[in-house]
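sharing a model prediction with you, sequence too.
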Amino acid sequence: MHRHSGSGFSLCDNIHCQAYKGRSKLNNLIINAVEETRGIVVVNSQNNLITTPYHSNCGGLTSSTSNVWQKDLSHLVVIKDPFCTNSKNTSWIKKIPVTDWENYLKKCGIDITGSKSADYKFVQPGRKKFYHIDNQKVLLTRIRDDWDLKSTFFSISIDGNTLIFKGRGFGHGVGLCQEGAIEMARVGYTYHDILHFYFRNVRVAHYKDISKR
Ligand SMILES: [Zn+2]
Ligand SMILES: [Zn+2]
């Protein structure tokens, strides 16, 4: 809130605040949902408004905040998400030549003397914070940025001179998974159910009751 108070409104409709890009005008369901939930907020056990990050698809497992932003928030925990595993952004694949990967690792300050391509293999049954090669490591968020990957939730296998990145999900993976939430709504869960599934130890309340304190 208040990011645009100088202009007389609270949120813009770009990625900066809330990427609606005017789409709400196309759909009365959206307008009605906004009106029906006017003034409703989500608070933590101390009655403070929570940060509610979201992403496109978690790949079946959300990420802890400390994997992405170094800081843990009690309402953002790792959640196994069975609802997004059949969606548009459930998985992705990217191929990178071994030599490109080696040049990149060197750029990251990794010593690859004597390494074979098999050493670049990497598995993530759960979400990790670092890519490991021997005792050296690179932050997965850095790799995601540098290679423009859809997520940090990937494993690497080797096929000749090529690394095959098999990834899950799209986005940082923290908080609410949009494609999972869409599926929950489709099979009949309410927005309360959805909020309590992705944000833990929280309460849905009216803003006027919170601000009275
Ligand atoms: Zn904005
Ligand atoms: Zn998900």
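On my side now, so go ahead. Residues are numbered from 1 along each chain as shown. Ligands and ions are numbered 1, 2, ... in the order given.

give me the element the closest residue to residue 189 other than its chain neighbours is part of.
For residue 189, ignoring the flanking residues on the chain, the nearest one in space by C-beta to C-beta, 6 or more residues apart in numbering is residue 197 at 7.6 Å. For every residue, glycine as well, the C-beta is placed using N, CA and C. Here residue 197, judged by DSSP states H and E, is contained in helix 191-198.

and that helix, what does it pack onto?
strand 176-177, helix 178-186 (3 or more C-beta pairs under 8 Å, 6 or more residues apart in numbering; DSSP states H and E).

looking at those, which is nearest to residue 63?
strand 176-177 (10.2 Å; C-beta to C-beta).

against which helices or strands is that closest one packed?
Using 3+ C-beta pairs under 8 Å, 6+ apart, strand 176-177 is in contact with strand 54-55, helix 191-198.

in JSON lines, list these along with mean neighbour count and distance to ligand 2.
Converted to JSON lines, the helices and strands packed on strand 176-177 look like this (neighbours: other C-beta atoms under 10 Å; distance: least, C-beta to the ion, whole Å):
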{"stretch": "strand 54-55", "mean neighbour count": "19", "distance to ligand 2": "8"}
{"stretch": "helix 191-198", "mean neighbour count": "17", "distance to ligand 2": "9"}
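
hang on, the earlier thing: tell me how far the residue nearest to residue 189 lies from residue 190.
Computed as C-beta to C-beta, to the nearest Å, the residue 197 to residue 190 distance reads 11 Å.

what's the answer for residue 44, then?
Counting by C-beta to C-beta, the gap from residue 44 to residue 190 is 20 Å.

higher neighbour count, these two?
A side-by-side neighbour count of residue 44 and residue 190, using other C-beta atoms under 10 Å, places residue 44 first with 17 against 10.

now the phi/psi pair for the more buried one, please.
When read as degrees, to the nearest 10, the backbone of residue 44 gives phi -90, psi -170.

what sits against it?
Shown in contact with residue 44 (C-beta atoms under 8 Å, 6 or more residues apart in numbering): 50, 74, 75, 201, 202, 203.

before we move on, what about residue 143?
By C-beta under 8 Å, 6+ apart, the contact set of residue 143 is 131, 149, 152.

picking that back up, okay, the helix holding residue 197 in CSV with CA atoms only?
What follows is helix 191-198 as a C-alpha-only set of coordinates in CSV (Å, rounded to 0.1, in the frame of the first residue of the first chain):
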residue,chain,number,x,y,z
TYR,A,191,-10.6,-18.8,-1.0
HIS,A,192,-10.3,-19.2,2.7
ASP,A,193,-9.1,-22.9,2.2
ILE,A,194,-6.7,-21.7,-0.5
LEU,A,195,-5.1,-18.9,1.7
HIS,A,196,-4.8,-21.3,4.7
PHE,A,197,-3.2,-24.0,2.5
TYR,A,198,-0.4,-21.7,1.2
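
following element in sequence after that helix, please.
strand 203-206.

which helices and strands does that following strand pack with?
strand 40-43.

give me the buried stretch members for the strand it packs on, please.
With burial defined by 16 or more other C-beta atoms under 10 Å, the residues of strand 40-43 counted as buried are 41, 42, 43.

what subset of the contacts of residue 44 is buried?
Neighbour counting with 16+ other C-beta under 10 Å marks 50, 75, 202 as buried within the contacts of residue 44.

ok, the second one touching residue 203?
No: in this structure, residue 75 sits apart from residue 203 without contact. The criterion is C-beta atoms under 8 Å, and the distance is 10.1 Å.
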